[in-house]
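Engineer: Predicted model, plus sequence, below.
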Amino acid sequence: MSTKNQAILNLKSSEKVNNFLESNHLHKKDFAEMIGVTLSYVYNLIDETIPFSTRSTTLERIAIVMDITPEEFGEYKIPQEPIVIDEAVDFITEKRKEKYMSTVQFLKAFPRRNRVEIVDFLRGARPLPLNWKELTLMAQVLDISNEEIYPLWESRLEQLLENSGFNTITNAGLMEAMFSCARNHVHKAK
């Protein structure tokens, strides 16, 4: 390991965050909104007025925005929330990387009020959005066609129905009719 990489690993968590914000020209207010905390909380973390967070959710959100693993923070412990294994997260992450887009650049393409939900999706704490309009906005940012994103949406809706007690096998005809209608809508909406 190079001396530079070793020096980065030895930085305090607050220094890592501060260096990230400075090198990415990211305002503390934007960062706070992306990770779901107040602006004063970010200032206090960086100034070490309060101890650096040990809350898994906060550390995972910070790590996602910084494009690092949460384990790079000495304060990180075993996650308290279940992680959703979702092929959509991998798909979106790969498409973002193909465009050489950082997580911060990706998040800035969305309204501020939606950013923390997207961070939670990227860290596996939330499933793919069901709202087609939200999903197509994500797809537009990454130049993904409706045809590419639709199967992920269909799979997510089917999963939701099954989890709600809907028997997809005995209702296969209804499911096919619903999804056929949805596919026609997506095809016309190009």
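Structural biologist: Everything's here; your move.
Engineer: Figure out the helix or strand that residue 16 lives in.
Structural biologist: Using DSSP states H and E, residue 16 maps to helix 13-23.
Engineer: next SSE after that helix?
Structural biologist: That would be, after helix 13-23 and using DSSP H and E, helix 28-35.
Engineer: What is that following helix packed up against?
Structural biologist: In terms of contacts (3 or more Cβ pairs under 8 Å, 6 or more residues apart in numbering; DSSP states H and E), helix 28-35 is packed against helix 13-23, helix 39-46, helix 56-66, helix 103-108, helix 112-122. (Glycine included, C-beta is placed from N, CA and C.)
Engineer: which residues are in contact with the third one?
Structural biologist: This points to helix 56-66. Under the contact criterion Cβ atoms under 8 Å, 6 or more residues apart in numbering, helix 56-66 has outside partners 16-17, 20, 31, 34-37, 53, 69-70, 72-73, 75-81, 103-104, 107, 116, 119-120, 122-123, 125.
Engineer: Mind giving me the PyMOL command for buried ones among those residues?
Structural biologist: Restricted to buried positions by 16 or more other Cβ atoms under 10 Å, the PyMOL selection for the contacts of helix 56-66 reads:
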select buried, resi 16+17+20+31+34+35+37+53+70+72+73+76+103+104+107+116+119+120+122+123+125
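Engineer: Grab the nearest non-local neighbour of the residue nearest the centre of the chain.
Structural biologist: Nearest residue to the geometric centre of the chain (Cα atoms, centre = their mean): residue 122, 2.3 Å. Among residues not flanking residue 122 along the chain, residue 64 sits closest, at 5.1 Å (Cβ to Cβ, 6 or more residues apart in numbering).
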